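In: below are the sequence and a predicted model; questions follow.
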Number of protein chains: 2
Amino acid sequence: MIETPYLLFLGDAPDQLAAKVAQGIKDWRPENAVGQFRMDGCKADLGLKDMDLVEAREAGAKTLVIGVANRGGMISQDWKKVLVMALEEGFDLASGLHNLLRDEPDLVAVAEACGRKLHDVRIPSVKYPIANGVKRKGKRCLAVGTDCSVGKMYTALAMDAEMRERGMKSTFRATGQTGILITGDGVPLDAVIADFMAGSIEWLTPDNDEDHWDLIEGQGSLFHISYSGVTLALVHGGQPDALVLCHEPTRAHMRGLPGYQLPSLEAVRDTALALARVGNPDCQVIGVSVNTQHMSEEEARAYLAKVEVDMGLPATDPFRFGAGKLVDALAAV
Amino acid sequence: MIETPYLLFLGDAPDQLAAKVAQGIKDWRPENAVGQFRMDGCKADLGLKDMDLVEAREAGAKTLVIGVANRGGMISQDWKKVLVMALEEGFDLASGLHNLLRDEPDLVAVAEACGRKLHDVRIPSVKYPIANGVKRKGKRCLAVGTDCSVGKMYTALAMDAEMRERGMKSTFRATGQTGILITGDGVPLDAVIADFMAGSIEWLTPDNDEDHWDLIEGQGSLFHISYSGVTLALVHGGQPDALVLCHEPTRAHMRGLPGYQLPSLEAVRDTALALARVGNPDCQVIGVSVNTQHMSEEEARAYLAKVEVDMGLPATDPFRFGAGKLVDALAAV
């Protein structure tokens, strides 16, 4: 287990979205987020107190969490100086990047010399099976998006929190490094070997009480050509009973893919539902979750009202207006 | 890249089917198959000249390819003596077995001492990029199937052979271990890390002449819940201009998934085409390849005629009746 609380390292994040790992921890486990560490040129800000390593140490932080992701998941050379100093100050390090802390000889050497730990949460720690498609007991809900980074994890976390508050049985099932850092376990799906992707999701969402819901964190998008295979493994390994469509209306193009337009909500609904019904013929789309962070409240409410009319489904921004509508719809399944 | 030509090692194959990897090499790249090496009790015969190691060396063979699969994919202790001698004679070794050459300490030690290479084609040897979706020059055709193991590799190889015979520019692009051993390179897609699947296929099918076709070997099926994510990575990483639908009409259920019915050809056409057009809006379905090995010739011809009427597409069994119809359709794209 990773020692808490954390100092959240934002590095030289080029924008706020690049710090979504840190943002997720701060939003969902604020008690674990003592402060933020930003380097020169950092364009992200969590609204936490900026701390240097000594201040954070004095505030009780035990682990420096790399809360920023860059394309390809590299450990930047620019970060190394801070990471080495953090180990020397007595912090453990935790990271969900593709490139592993344990593969950096300097970090390994310093960690060993200082008696500190390197946590790579991206590494699968389980030998997953190949998916067998056998129907499991209990119910599952999967968030599917028009694009990457549109709020699928937030949607599942917000629904899970609302369901627990109502006394419903639910579990948030993490499939990415942020979710794993927040909850302490899960499947780092984008690091799983191709043949075992769907099987890892069956493993993550086993038999449960008939009235229990797994809220499965989505990844990528069926319409994002870089990661769509990962998304389809969630749709087929999760065999969801319910899908929630997730969307960010102000995106000019697919994330990281200039020239690729976002699909319509209707296209995502039709494609995801047809594919989901291969694994679970009873699957339904139960609602729409809209990330309205770049809209005024008036714009957001007008957009949500329009989506409800156009799609004939409840629509909300669960982070801004609560997940109640989505949980109502799930309870009716 | 595996050095060619090969000496095909059939070991103690219990029957002809066990040597299907070697058979594939001999059928599709006869120029790579200098001879066969059979141990006592071998029940497979490719009709190639039987050679010992010295003869094969003199005939120009550079690599001994394990062209036989035994139960469990193990490297038999009975084979070890031959493999060690082959290294000492100056051969590299290549294998697509689950158990890796590199995990056998004796083979590793001898290979190192002799300066020879061990090729485990099941494991990626390249650090693949994340797919960027940038349009490449040249054209690409992908085989997509109703199920696993319906003849996607043979379809692509047969089309490639027909195109070369016609003087068209084409390259078969292997995505599985048999295909990689046949051609000497490719991507072992089912062993690639999830995030890099689509990128590995972009890497495999780079810019080329405008009139050049990559014939991409398909894997899995969009309707096979265990492997569908792998298939979608091919559809989106390959960004194909043309799809060939592959089908085996006598299959009672999806391979390895009792209770899961095969989709119709129409369902595969509609689903695959809609998803392919995300990456390449001009993608077309150009024909149907039917594996008729379990049908009489009369049944096969009747079935193909019905498919042509129902689908409005050329249909053939390329292994039984030739790939001409499919290549005609491709040439018209």
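Out: Cool, got the structure.
In: does A:Pro129 really touch A:Glu202, like I thought?
Out: Yes: counting by Cβ atoms under 8 Å, A:Pro129 sits close enough to A:Glu202 to count as a contact (7.2 Å). All C-beta atoms are positioned from the backbone trio N, CA, C, and that covers glycine.
In: against chain B, how distant is the closest residue to A:Glu89 other than its chain neighbours?
Out: Once flanking residues are discounted, A:Glu89 sits nearest to A:Leu53: 4.5 Å by Cβ to Cβ, 6 or more residues apart in numbering or on different chains. Distance, A:Leu53 to chain B, using Cβ to the nearest Cβ, to the nearest Å: 31 Å.
In: likewise A:Thr63?
Out: 25 Å.
In: show me which residues of the stretch 151-300 of chain A are close to chain B?
Out: Contact residues (Cβ under 8 Å from any Cβ of the partner chain) of the stretch 151-300 of chain A with chain B: A:189-195, A:197-199, A:222-223, A:225-233, A:235-237, A:239, A:254, A:256-257, A:259-260, A:263, A:271, A:274-275, A:278-279.
In: so which of these sit within helices?
Out: Under the assignment DSSP state H, those contribute A:197-199, A:228-233, A:235-237, A:271, A:274-275, A:278-279 to helices.
In: buried only: go through these for me.
Out: Neighbour counting with 16 or more other Cβ atoms under 10 Å in any protein chain shown marks A:197-199, A:228-233, A:235-237, A:271, A:274-275, A:278-279 as buried within those.
In: flag the shaky bits of the stretch 151-300 of chain A, pLDDT-wise.
Out: A:184 (pLDDT under 70).
In: quick one, strands of it?
Out: All strands of the stretch 151-300 of chain A, identified by DSSP state E, counting those that start in this stretch, fall at A:169-173, A:212-216, A:242-247, A:284-290.
In: kindly reformat these as TSV containing mean neighbour count.
Out: Shown next, in TSV, are the strands of the stretch 151-300 of chain A (neighbours: other Cβ atoms under 10 Å in any protein chain shown):
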stretch	mean neighbour count
strand A:169-173	21
strand A:212-216	25
strand A:242-247	26
strand A:284-290	24
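In: and B:Lys137, which of the ones you listed is closest to it?
Out: strand A:242-247 (33.9 Å; Cβ to Cβ).
In: which strands or helices does the closest one pack on?
Out: strand A:139-145, helix A:152-165, helix A:265-279, strand A:284-290, helix A:324-331 (3 or more Cβ pairs under 8 Å, 6 or more residues apart in numbering or on different chains; DSSP states H and E).
In: tell me which residues are up against it.
Out: The set of residues external to strand A:242-247 that reach it, using Cβ atoms under 8 Å, 6 or more residues apart in numbering or on different chains, is A:139-147, A:150-152, A:155-156, A:159, A:218, A:262, A:265, A:268-269, A:272-273, A:276, A:283-291, A:311, A:313, A:326, A:329-330, A:333.
In: endpoints of stretch A:25-45, how far apart?
Out: 13 Å (Cα to Cα, to the nearest Å).
In: give me the mean pLDDT for it.
Out: The average pLDDT within stretch A:25-45 is 93.
In: tell me who's in contact with A:Pro124.
Out: Counted by Cβ under 8 Å, 6+ apart, A:Pro124 has contacts A:187-188, A:191-192, A:200.
In: apply 7 Å and report the result again.
Out: A:188, A:191-192 (Cβ atoms under 7 Å, 6 or more residues apart in numbering or on different chains).
In: can you pull the contacts of the residue nearest to A:Glu89?
Out: A:85-86, A:89.
In: for A:Pro318, same thing?
Out: A:154-155, A:158-159, A:289, A:326.
In: again, 8 Å this time
Out: So A:Pro318 contacts A:151, A:154-155, A:158-159, A:162, A:289, A:326 (Cβ under 8 Å, 6+ apart).
In: ok, it to chain B distance?
Out: 27 Å.
In: for that residue, give its distance to A:Gly238.
Out: Distance of A:Pro318 to A:Gly238, computed by Cβ to Cβ, to the nearest Å: 19 Å.
In: got the domain boundaries for chain A?
Out: A:6-120, A:139-332 (the TED database).
In: now for A:Asp40, how many residues are close by?
Out: Using other Cβ atoms under 10 Å in any protein chain shown, A:Asp40 is surrounded by 6 other residues.
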